[in-house]
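**Q** Fold the following and give me the result.
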Amino acid sequence: MSFQYIIHLANYSDGVLYVLALLFLIELAVIFDRAWFMRSALRKGKTIIHKLSEVGKLTSEQLEELMQEAKGQPEEQIITAAYRHMDLVHHYGSARGEAFDNRLDEAIFLTTPFLDKRLWILDTTVTLAPLLGLFGTILGMFHAFSILATPGHAPTQVTGGVADALIATASGLFIAMVGLITFNAFNNAIDKTIQQLESIKLLLINRLDGAPNKI
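**A** Prediction:
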């Protein structure tokens with residue numbers, strides 16, 4: 001497929017293929033950005049869970065070290081909340097209690113909206129791309145059937161024009177399929193990240209309370 005033919009297809013759809021190409025680039029940018037973030041968040045969460053499970057009781061120094069390690073990750077909020085609540089341990093000798101539990105729940109609640117950041121773009125792409133593709137095909141059909149009004153037209157000109165017009169629909173469906181697969185994958189990764197945050201919450205409560213290490 002030559003570059004000239006691609007330009008021909010884009011012009012045949014009255015520029016809709018250009019819009020679809022731009023939409024696909026935006027989709028890829030979101031996919032790479034979210035994939036890097038989710039991969040880093042899941043790996044960091046797994047590391048923090050492993051480190052927390054290996055200690056019997058957390059000290060403020062260990063908690064501060066974990067807080068620095070989780071910087072820029074979803075786990076940062078909940079570990080920071082635990083670190084700021086360390087004075088409860090100093091005053092009452094226990095980190096258990098509804099107040100501490102609520103602080104950690106609050107940290108998870110504040111973190112959750114950032115996990116699906118920009119995923120609305122993928123959700124929109126899944127719906128918009130096929131509609132744009134269909135619109136481009138309809139415009140291409142106008143060009144294809146306008147040939148019938150030309151005296152001495154060849155039948156292959158009409159069928160070839162219809163085939164060119166359908167490229168827009170195929171492109172829109174392809175973009176939507178890529179967006180749907182990655183959107184569902186990211187939602188699955190978000191569920192796993194939230195599960196990790198809940199695990200970290202439970203580990204923090206137990207380790208700050210001085211629960212013995214049974215692992």
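**Q** Beyond the lowest-mean-pLDDT helix or strand in the chain, next helix or strand please.
**A** For the chain, the helix or strand with the lowest mean confidence is helix 86-92, at a mean of 56 (criterion: mean pLDDT, DSSP states H and E). For helix 86-92, the following helix or strand on the C-terminal side (DSSP states H and E) is helix 98-115.
**Q** any idea of the mean pLDDT in that next one?
**A** Across helix 98-115, pLDDT averages out at 84.
**Q** Could you check the very next helix or strand once past it and say which residues are buried?
**A** Reading on from helix 98-115 to the C-terminus, the next helix or strand found by DSSP H and E is helix 119-146. Under the neighbour-count criterion of 16 or more other Cβ atoms under 10 Å, helix 119-146 has 119, 121-122, 125-126, 128-130, 132-133, 135-137, 139-141, 143-144 buried. All C-beta atoms are positioned from the backbone trio N, CA, C, and that covers glycine.
**Q** go on, stretch 33-41?
**A** For stretch 33-41, using 16+ other Cβ under 10 Å, the buried residues are Arg34, Phe37, Met38, Ala41.
**Q** and of those residues, the nearest to Gln73?
**A** Ala41 (5.5 Å; Cβ to Cβ).
**Q** Now do the contacts for that closest one.
**A** For Ala41, the contacting residues are Gln73, Pro74, Glu75, Leu115, Ala189, Thr193, by Cβ atoms under 8 Å, 6 or more residues apart in numbering.
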